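Engineer: Sequence isn't available, so here's the structure alone:
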């Protein structure tokens, strides 16, 4: 039985997971420049989630408060939207 690592599978599916600008960016990379999944994730995050954006979103998430007269369900939905905007922080694993 042939065993293929998860990284190889992930790398094969990258072109199907990206669209528009991200797909054009990926196809513009030098052939053979991506050696593994971790490296791809690093350069993708640097391209589309610069450190300044990540810091701003992280600060907004950490200082997030429920608005006056805001229903709890709306508060949770707004919070989830912030988590969705910054997936590489690992906070989406809170399963809210």
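Structural biologist: Good, I have the coordinates. Quick caveat: nothing in here was measured; it's all calculated off a predicted structure. Numbering: from 1, shown residues only.

Engineer: CA only for contacts and neighbour counts going forward, please
Structural biologist: OK.

Engineer: hmm, which helix or strand of this structure has the shakiest average pLDDT?
Structural biologist: Sorting the helices and strands of the chain by mean pLDDT, DSSP states H and E puts helix 51-62 at the bottom, at a mean of 82.

Engineer: Give the other helices and strands that that one contacts.
Structural biologist: Packing partners of helix 51-62 (3 or more CA pairs under 8 Å, 6 or more residues apart in numbering; DSSP states H and E): helix 72-85.

Engineer: tell me which strands and helices the helix it packs on is in contact with?
Structural biologist: For helix 72-85, the packing partners by 3+ CA pairs under 8 Å, 6+ apart are helix 51-62.

Engineer: Give me the residues contacting the helix it packs on.
Structural biologist: 79, 82, 83, 85, 86, 89 (CA atoms under 8 Å, 6 or more residues apart in numbering).

Engineer: my guess is the first one contacts residue 66, does it?
Structural biologist: No - here residue 79 lies out of contact with residue 66, judged by CA atoms under 8 Å, at a distance of 9.2 Å.

Engineer: Mind checking which of the two has more residues around it?
Structural biologist: residue 79 (17 against 13; other CA atoms under 10 Å).

Engineer: Run through the residues that contact that one.
Structural biologist: Here residue 79 is in contact with 61, 64 (CA under 8 Å, 6+ apart).

Engineer: Please parse the protein into its domains.
Structural biologist: 6-48, 51-94 (automatic domain parsing).

Engineer: Least reliable of the ones you listed by average pLDDT, please.
Structural biologist: With a mean of 81, domain 51-94 has the lowest mean pLDDT of the domains of the chain.

Engineer: now that domain, how far from the chain's geometric center?
Structural biologist: 14 Å (CA atoms, centre = their mean, to the nearest Å).

Engineer: now residue 22: how far from residue 29?
Structural biologist: To residue 29, residue 22 is 11 Å away according to CA to CA, to the nearest Å.

Engineer: No further questions, thank you.
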